[in-house]
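**Student:** sequence first, then the predicted structure:
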Amino acid sequence: MSMDTSGSPADVIDAPGGDAAVGRATTADGGADPGRARPHRALPPALALAVGGVPLLVALVAMRDPEWFPVLEYAMTELRVRDVAGSHPPLVGLTGRIYGHGLTGSHPGPISFWALWPVYALLGGSAWALQVATAVLNLAALGTALWIALRRGGRGLLLGVAAALGLLLLGFGMERLTEPWNPYMPFLWWFVFLLAVWSVLDGDPALLPVAVVAGTFCAQTHVPYIGLVGGMLAFLALVLGVQVWRAEGRERRRLLGWAVPSAALLTVLWLPPAIEQRRAGTGNLSVLRENFTHPAEPSVGLGRRSLEVWLAHLDLSALPRHVTSYDRDPGGSPVAGLVLLCVWGASAVFAWRRRHDAPSIWHLHVVAAVALVLGMVSVSRISGPTLAYLLFWGWGTTALVVLAVVWSAVDASARGPSRWKPPRWAAHGGAVALVAVVLGASAGLTASAVGMTAPNPEESIVLEHLVPGTVEALRDGRAPGGGADGRYLVQWSDAVAIGSAGYGLVLELERAGFDVGVHDRYATNVVRHRARVPADATASVTLVRGDRVIENLRSNPDVIEVAYFEPRTRDEVARHGELSARIDRELRALGLDDLADLMHDNAMSAAVHVQRPTALADEFDELVKLTEASAVFVGPPDLVATPF
């Protein structure tokens, strides 16, 4: 396939009359002419810096102080990134809501950990270094998308993609571009993947390795992308197969010259999960297959609910609108989405009629159509609630649909009857409007980055007060276990949250150079090689959050308290005791003794329990917000702090 230069945004911006002089040229084999593109090669990095680079730099500076202590998924992620250069390199992704064969599974692959590691290691392996590495990955995705746009469509398409990405990022939120959480990291790479697939379909097989890498990054990092990426790659493989079969001579060699190495690259990138599958008794790929074939919760299915969610992501007004990760979709209006779908359908028909004159536009519509169909199937396969973080890919698909519609409109105005053609100044006005959108998005993102804080600040503060004392006590031998040469079993009892700070303690002790492990039940979360039984430990390090358990452990002569943190004022401590006693009385009066006991063990779990009386919702919310004291104890390896 040769690239089409007619009807592209570059025509309108660089040659307002639809003249032959366009912003990019093509070679005989359909690729971009490096000589013609060279004058504009600085545009993608410049726009990437404008859209994301400056806001990210401001955000990273703002989050440099105070020191961040990752917890829960962030700590789990950093532990895996630390493993990249170790004796147990990661072979699968982060633990997820994935269940099969009686096991908790992980996301498909480890590519995100490997991608984060170079910058993370270069900057010293700190928590802030992990944030910088995440920002760099997102900036790389921005730059790649803009480079593809310039390569395939000149300056016009470049500005259009930059504006679309600016709106996407406004809705996504600055904070998510620096958070190393697996649902966030593929967001921009999905859009890169779609652009790369379109490029290959449009006769530029040099973008096939980009599609392979970007698609693998999405599919391995977050499980909702498996069907999307797999379906799109299968479609692309079919198209390439037909092209190779029909091509002859030099053209066939050119296609095979990119297809064969790309297939080899795809194989290499998927070797880690394949190796894990063969090593393990029940491999993670088996757990994933069981999760999809026999989900633990009912799937959404093909019906009204999936249609509403699918259409809601086509609501153009929702693109720059921020949604909370745990919101239940639809986050937009299905009616507004239906309107865009109809507009897209009409523009796709127009593009099909001009497919011989403007194949690039038609191919973009084809990719959008395949992405929409796969998106509908993906929504139908969600088990449990349709939470927003499971559907972030939808906004990238919508951006591609809008891009196809706008490009078709530009082509129609440029190629229609002369009386319909816009005035010569309209092209420059459009360019100015796109630049204004880019700069406005950059300004909005930068403003939101000023004063930005790291995620989970309350949990981070707990570790900020507990970690230094714990490390000092273990190093100077004041606590039992053998000091720096000891083997420690880290455990936790959390009456406030879900044990999130415990994972952070494991990370910080390992960062400090201690040999630490956890009970087998947490092995999937922190990776199997960190599992440890009491018999293999010289001492236990127990993080406790909750007044009752702290007092119980203080009465144990076999343990030593090495750190303590009380975040509440005296009045808040008194209020907490008053609320706890009142809720306890109310629950027991209702015959909910088990829930009352759970409330003392873990207030958050009790607050969201299905048996929690609605009348006590406000009291439970206040109780959770008041939190409790935290402490760290070092004692015998077989110490049991609480049944929770």
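**Tutor:** Sure, I can see it.
**Student:** okay, now the unreliable bits of the chain?
**Tutor:** By pLDDT under 70, the low-scoring segments of the chain are 1-41, 43, 280, 320, 329-330, 416-427, 641-644.
**Student:** would you mind giving the domain segments of it?
**Tutor:** Following automatic domain parsing, one finds the domains of the chain at 9-449, 457-635.
**Student:** give me the distance between the two termini of the shortest one.
**Tutor:** Spelled out, that is domain 457-635. By C-alpha to C-alpha, to the nearest Å, the extent of domain 457-635 from end to end equals 29 Å.
**Student:** now the domains of the chain in CSV, with mean neighbour count?
**Tutor:** In this view, the C-beta of every residue, glycine as well, is placed from N, C-alpha and C. Formatted as CSV, the domains of the chain follow (neighbours: other C-beta atoms under 10 Å):
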stretch, mean neighbour count
domain 9-449, 19
domain 457-635, 18
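**Student:** so the nearest residue to A479 once chain neighbours are set aside, which of the three states?
**Tutor:** Leaving aside its sequence neighbours, A479 sits nearest to V634 (C-beta to C-beta, 6 or more residues apart in numbering; 3.8 Å). Three-state call for V634 (DSSP: H, G, I helix; E, B strand; the rest coil): strand.
**Student:** wait, doesn't V634 sit right on A537?
**Tutor:** No. The criterion here is C-beta atoms under 8 Å, and V634 misses it with A537 at 11.1 Å.
**Student:** what's the overlap in contacts for the two?
**Tutor:** Here V634 and A537 have G481 as joint contacts, going by C-beta atoms under 8 Å, 6 or more residues apart in numbering.
**Student:** the residue most central in space within the chain and G171, how far apart?
**Tutor:** Centroid-nearest residue in the chain, with C-alpha atoms, centre = their mean: Y184, separated by 1.9 Å. Distance from Y184 to G171, counting by C-beta to C-beta, to the nearest Å: 13 Å.
**Student:** ok, G86 next?
**Tutor:** Distance from G86 to G171, counting by C-beta to C-beta: 38 Å.
**Student:** same deal with A145?
**Tutor:** To G171, A145 is 16 Å away according to C-beta to C-beta.
**Student:** now swap in V287 and tell me
**Tutor:** V287 sits 33 Å away from G171, going by C-beta to C-beta.
**Student:** pretty sure P45 is in contact with G143, am I right?
**Tutor:** Yes. Under the criterion of C-beta under 8 Å, P45 makes contact with G143 at 5.8 Å.
**Student:** and the helix or strand containing T398, what does it pack onto?
**Tutor:** T398 is part of helix 393-415, with elements assigned from DSSP states H and E. For helix 393-415, the packing partners by 3 or more C-beta pairs under 8 Å, 6 or more residues apart in numbering; DSSP states H and E come out as helix 9-14, helix 127-172, helix 187-201, helix 334-353, helix 359-380.
**Student:** and the angle for it with helix 187-201?
**Tutor:** Here helix 393-415 runs at an angle of 40 degrees relative to helix 187-201 (axes from the mean of the first three to the mean of the last three C-alpha atoms, to 10 degrees).
**Student:** hey, C-alpha coordinates of helix 393-415 in CSV?
**Tutor:** The C-alpha coordinates for helix 393-415 follow below in CSV (Å, rounded to 0.1, in the frame of the first residue of the first chain):
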residue,chain,number,x,y,z
TRP,A,393,-8.8,2.4,27.4
GLY,A,394,-12.2,3.6,26.2
TRP,A,395,-11.1,7.2,26.2
GLY,A,396,-8.1,6.4,23.9
THR,A,397,-10.5,4.7,21.5
THR,A,398,-12.8,7.7,21.6
ALA,A,399,-9.9,10.0,20.8
LEU,A,400,-9.1,7.9,17.7
VAL,A,401,-12.7,8.0,16.6
VAL,A,402,-12.8,11.8,16.9
LEU,A,403,-9.5,12.1,15.0
ALA,A,404,-11.0,10.0,12.2
VAL,A,405,-14.2,12.1,12.1
VAL,A,406,-12.3,15.4,12.0
TRP,A,407,-9.9,14.2,9.3
SER,A,408,-12.9,13.1,7.2
ALA,A,409,-14.5,16.5,7.7
VAL,A,410,-11.3,18.3,6.7
ASP,A,411,-11.0,16.1,3.6
ALA,A,412,-14.7,16.7,2.7
SER,A,413,-14.3,20.4,2.9
ALA,A,414,-11.1,20.4,0.9
ARG,A,415,-12.3,18.1,-1.8
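**Student:** quick one: that helix to chain centroid distance?
**Tutor:** Its chain's C-alpha centre and that of helix 393-415 lie 25 Å apart, by C-alpha atoms, centre = their mean, to the nearest Å.
**Student:** which is the next helix or strand following it?
**Tutor:** Downstream of helix 393-415, the first helix or strand assigned by DSSP H and E is helix 424-449.
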